[in-house]
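J.: curious how this folds, go ahead:
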Amino acid sequence: LPAAPWHHRRHPGRGRSRRVTQAPARGARGPAAAPRAPRAVAVPPEPRLTVELAPLGARLREEWEELARRTAASPFLRPGYLEAWTEGFGEPVGTRALVARAGGRLEALTCLVAAGGRLRSVGNEETPDAGILASGPEARAAVGRGLVAQGAHRVTIGPLAGGDASHLAFVAAADAAGHRVLTRSVMRCPVVSTSGGWDAYWRGRSRNTRHKVERLLRRLDEAGRADFRMHAGDADLDALLDEAFRVEASGWKGDAGSAIASRPESRRYYAALARWAAGRGWLRLGFLRLDGRPLAFGYGIEAGGVHSLLKIGFDPVFGRLSPGTLLLHRMIRHAFESGCSVFDFAGKAEPYKLTWATGVVEHVEVAAFRPSPRGRVELAAARGRRALAASPAGPRLRRARAALRSRSHRHRPGARVGAPAGRERTAGAGGQ
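T.: All right, here's what the predicted structure looks like:
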């Protein structure tokens, strides 16, 4: 301790100064003892992460749901979404979950299909997201390493938002294992950020867009009693879905065979997804009506601050009113008013969507090829397909493939389960 302060005091009757030490205050402690060294406390080691392929049984689904609640997961990474998808398209043979556990507790998971020496994500062109659900970066990295450690010649995951945590974890694991990686753009998805509020957003749209919407709103009011309503599916859900599917099939999608009602598996999928989302309070069915008749509808999932618009359709009889444009105006405004942070078009970047968007998110599919003879053959074939798609013949080949797929759906009602290839157009230019 520092020495107590002192001063000179002249004592009476003496001519010399004397050093006087100030006494410690009453109740003050004496000199402190030397500090003790801290006691060593035994800290239990963190449980080690273990990774394994597991069947999708009832117990694992319960653990998966608990992990989803713990991490506030996207609806599309939850077991309920997978159940809706399999109700529509059927569960592929060889479906497994690659799981990471610590001390027996589930910490990360992704669902895969194993077939012919390959692993791929469960999903198809209707799947919005097929990433890795994880409690943290360590668990996600463990699943990434597990994906490339299964001995498959090719491992494909996606669609993923380009550059997100699942994408980076898988690429890092593949690079570390000496696998070659190919990343393919699935689609560029327009989004609307609500951060600046509705007024600032609307002022930021082009003058032509704003004037067009104002003109169409006046025309709609002149045509009769207009009404927009957002339904959460808590009442008359089956009737609402039937009405929505009829509206969509009345347009160009019905003629092309790509409407929900044109394919039994799509109808089963969207009906099951609606029932599951409505039970969680996440379903959003928006209807624009004129004198009680539906002009257009939007099918969305709203959770975690994101409104994902999965389907939109309109009745071409009312094309003069551009009901698709008016519906989008109301649904995007609803996202602002309901406190969402993002309105996601959940589909390809078509011109009419870009009119409304404030940004674009690229969705990718990532494939890792094992450094084995068959893995090199798979890599060469994938590169060849990519070169062909980028050639002048690419657009013609894609149109031919889409036509074949459409005919196969009309004549063969069985489900097609395949790698995600980007969802179809959500609405035609007519009516927008």
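
J.: which residues in the stretch 251-400 of the chain form helices?
T.: Counting by DSSP state H, counting those that start in this stretch, the stretch 251-400 of the chain has helices at residues 252-256, 264-280, 323-337, 351-356, 373-390, 394-411.

J.: what's the closest of those helices to residue 134?
T.: Among the helices of the stretch 251-400 of the chain, helix 264-280 comes nearest to residue 134, with 21.3 Å by CB to CB. The C-beta positions use only the backbone N, C-alpha and C, and glycine is treated the same way.

J.: which one of the helices of the stretch 251-400 of the chain is the most hemmed in?
T.: When the helices of the stretch 251-400 of the chain are scored by mean count of other CB atoms under 10 Å, the highest mean neighbour count falls to helix 323-337 (a mean of 22).

J.: tell me the mean pLDDT over that helix?
T.: Per-residue pLDDT over helix 323-337 has a mean of 96.

J.: quick one: contacts of it?
T.: 192, 194, 197-198, 201, 212-213, 216-217, 220, 228, 230, 284, 286, 288, 295-298, 300, 302, 307, 309, 312, 314-315, 342-343, 352, 356, 427, 431-432 (CB atoms under 8 Å, 6 or more residues apart in numbering).

J.: and the gap between the residue nearest to residue 189 when sequence neighbours are not counted and residue 85?
T.: Leaving aside its chain neighbours, residue 189 sits nearest to residue 361 (5.0 Å; criterion: CB to CB, 6 or more residues apart in numbering). Separation of residue 361 from residue 85 (CB to CB, to the nearest Å) stands at 21 Å.

J.: same list, the helices of the stretch 251-400 of the chain, but as a markdown table with distance to residue 96 please.
T.: Output for the helices of the stretch 251-400 of the chain, formatted as a markdown table (distance: least, CB to CB, whole Å):
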| stretch | distance to residue 96 |
| --- | --- |
| helix 252-256 | 35 |
| helix 264-280 | 21 |
| helix 323-337 | 36 |
| helix 351-356 | 36 |
| helix 373-390 | 20 |
| helix 394-411 | 27 |
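
J.: circling back: who has more neighbours, residue 361 and residue 85?
T.: For residue 361 versus residue 85, the count of surrounding residues by other CB atoms under 10 Å is larger for residue 85: 24 against 18.

J.: is it true that the more buried one touches residue 266?
T.: No. Judged on CB atoms under 8 Å, residue 85 makes no contact with residue 266 at a distance of 11.1 Å.

J.: which stretches of this structure have low pLDDT?
T.: Applying pLDDT under 70 to the chain flags residues 1-46, 394, 397-399, 401-432.

J.: how about the most centrally placed residue in it, what does it touch?
T.: By CA atoms, centre = their mean, the chain has its centre lying nearest to residue 129, at 4.9 Å. Listed by CB under 8 Å, 6+ apart, the contact set of residue 129 reads 74, 76-77, 159-161.

J.: rewinding a little: ok, which of the helices of the stretch 251-400 of the chain comes nearest residue 70?
T.: The closest of these to residue 70 is helix 264-280. By CB to CB, the value is 16.1 Å.

J.: check which helices and strands the closest one sits against.
T.: Counting contacts by 3 or more CB pairs under 8 Å, 6 or more residues apart in numbering; DSSP states H and E, helix 264-280 packs against helix 79-89, helix 237-249, strand 283-290, strand 293-303.

J.: so how far is the last one off the chain centroid?
T.: Its chain's average C-alpha position is 19 Å from that of strand 293-303, according to CA atoms, centre = their mean, to the nearest Å.

J.: what helices or strands is it leaning on?
T.: Partner elements for strand 293-303 (3+ CB pairs under 8 Å, 6+ apart): helix 237-249, helix 264-280, strand 283-290, strand 306-314, helix 323-337.

J.: now with 7 Å, please.
T.: Judged by 3 or more CB pairs under 7 Å, 6 or more residues apart in numbering; DSSP states H and E, the packing partners of strand 293-303 are helix 237-249, strand 283-290, strand 306-314, helix 323-337.

J.: quick check: angle from the second one to helix 237-249?
T.: Using axes from the mean of the first three to the mean of the last three CA atoms, to 10 degrees, the inter-axis angle of strand 283-290 relative to helix 237-249 is 60 degrees.

J.: could you list the buried residues of strand 283-290?
T.: Across strand 283-290, burial judged by 16 or more other CB atoms under 10 Å covers 283-290.

J.: can you put the residues you listed in a markdown table and add distance to residue 97?
T.: Below are the buried residues of strand 283-290 laid out as a markdown table (distance: CB to CB, whole Å):
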| residue | distance to residue 97 |
| --- | --- |
| 283 | 26 |
| 284 | 29 |
| 285 | 31 |
| 286 | 34 |
| 287 | 38 |
| 288 | 41 |
| 289 | 43 |
| 290 | 48 |
